[in-house]
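Participant: just need the structure, nothing else, for what follows:
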Amino acid sequence: MTDEAEIRERRRLAVLQRLQSLHRAGLRQLPRPDRQAVETLQQTFTGAAPRVEPIVEAPSATPSSSASPSSASPAATSSAPTPTAAASSAEAPPVSRPAPRPVASTSLFSGQAGGSDMLGRAATLEQRRDALRLVADEVAGCTRCALSRSRTQTVFGVGNPMTRIVFLGEGPGAEEDRVGEPFVGAAGQLLDKMISAMSLSRDEVYILNVVKCRPPGNRNPEPEEALACRDYLDRQLAILQPEFICCLGAVAAKNLLDSPKSVGQLRGHIWRHGPSKVVVTYHPAYLLRAPQEKRKAWEDLQLLMGEMGLL
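Facilitator: Numbers count the residues shown, from 1 in each chain. Here you go, the predicted model:
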């Protein structure tokens, strides 16, 4: 299968899974889209995927000016980033970026049970809890991929629904599969220390994974497994509306940013995913195996703290 054919197939499966999700939520009819919505879908499924580029050079202890979020279509997994004033100085070369895609005026989720687009940043704690609970119930019964046959239970996510920041890992391990909560093993203990070093607590953040079921042998999730869970991840983030996302490791970064780059290439920059600023760092499990990289991880956390105004 060619790269272009593989991209088309992944997009077809993503649309199919979203429609199946809507059907399970009770939706039986979609509104007729307007011309702008049709043009958006045509551009989304026939145009080239946008390049992922940083909006801020790093590390820096001084918080940079906030860039306005780029517009993104409903099917897009990341939006085109906008450089900050520091990145567009006379010494820095201009950054070539694709034009932002138009936004469809009609949301597939508006007014539907379990819908998340209607929440936004102004949603109350109870509204977010209820919306997350609906998605969690759907995840608990999911059989989209083979991981459902080997799991003890699903691991949805945990934390404060009103959080400013989300920590995104790759998938549950053996201990997480047993307990039903992400990052509770040795890697979770290190993550707790990283969060504490930011002057935050686990109760103030939200923690989740790319996939909700444990890959056997604690291997990395396969692309098709991550794709099967992508709808759940997108809906979680749409409900939480985090200002910041910290990707822990290559699997999380590549799936969220749709980028083939390594952690070493992605770290040290601020990226965009929808309205959220994204920082990439090493997975705590990797840091346990390679403690010499903890200094770089601390630099990444300082970059994040600077953006959050915690320095």
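Participant: would you state the helices of the stretch 51-200 of the chain in chain order?
Facilitator: 125-140, 174-179, 186-197 (DSSP state H, counting those that start in this stretch).
Participant: in a markdown table, list these along with mean neighbour count, distance to residue 210 and mean pLDDT.
Facilitator: Using the backbone N, CA and C atoms, a C-beta is placed for each residue, glycine as well. Converted to a markdown table, the helices of the stretch 51-200 of the chain look like this (neighbours: other CB atoms under 10 Å; distance: least, CB to CB, whole Å; pLDDT from 0 to 100):
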| stretch | mean neighbour count | distance to residue 210 | mean pLDDT |
| --- | --- | --- | --- |
| helix 125-140 | 16 | 13 | 98 |
| helix 174-179 | 17 | 13 | 96 |
| helix 186-197 | 17 | 15 | 98 |
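Participant: could you dump those helices into a markdown table and include distance to residue 269?
Facilitator: Formatted as a markdown table, those follow (distance: least, CB to CB, whole Å):
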| stretch | distance to residue 269 |
| --- | --- |
| helix 125-140 | 29 |
| helix 174-179 | 29 |
| helix 186-197 | 19 |
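Participant: which one of these lies nearest to residue 273?
Facilitator: Among these, the nearest to residue 273 by CB to CB is helix 125-140 (18.2 Å).
Participant: which helices and strands sit right next to the closest one?
Facilitator: helix 223-240 (3 or more CB pairs under 8 Å, 6 or more residues apart in numbering; DSSP states H and E).
Participant: who does the helix or strand just after the helix it packs on pair up with?
Facilitator: Proceeding N to C from helix 223-240, the next assigned helix or strand is strand 244-248, under DSSP states H and E. Strand 244-248 pairs in its sheet with strand 165-169 (parallel), strand 276-281 (parallel), by DSSP bridges.
Participant: just put the ones you listed in TSV and tack on mean pLDDT, distance to residue 140 and mean neighbour count.
Facilitator: TSV is the format used below for the strands paired with strand 244-248 (pLDDT from 0 to 100; distance: least, CB to CB, whole Å; neighbours: other CB atoms under 10 Å):
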stretch	mean pLDDT	distance to residue 140	mean neighbour count
strand 165-169	99	19	27
strand 276-281	99	26	26
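Participant: in CSV: the ones you listed, plus distance to residue 138.
Facilitator: Formatted as CSV, the strands paired with strand 244-248 follow (distance: least, CB to CB, whole Å):
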stretch, distance to residue 138
strand 165-169, 19
strand 276-281, 23
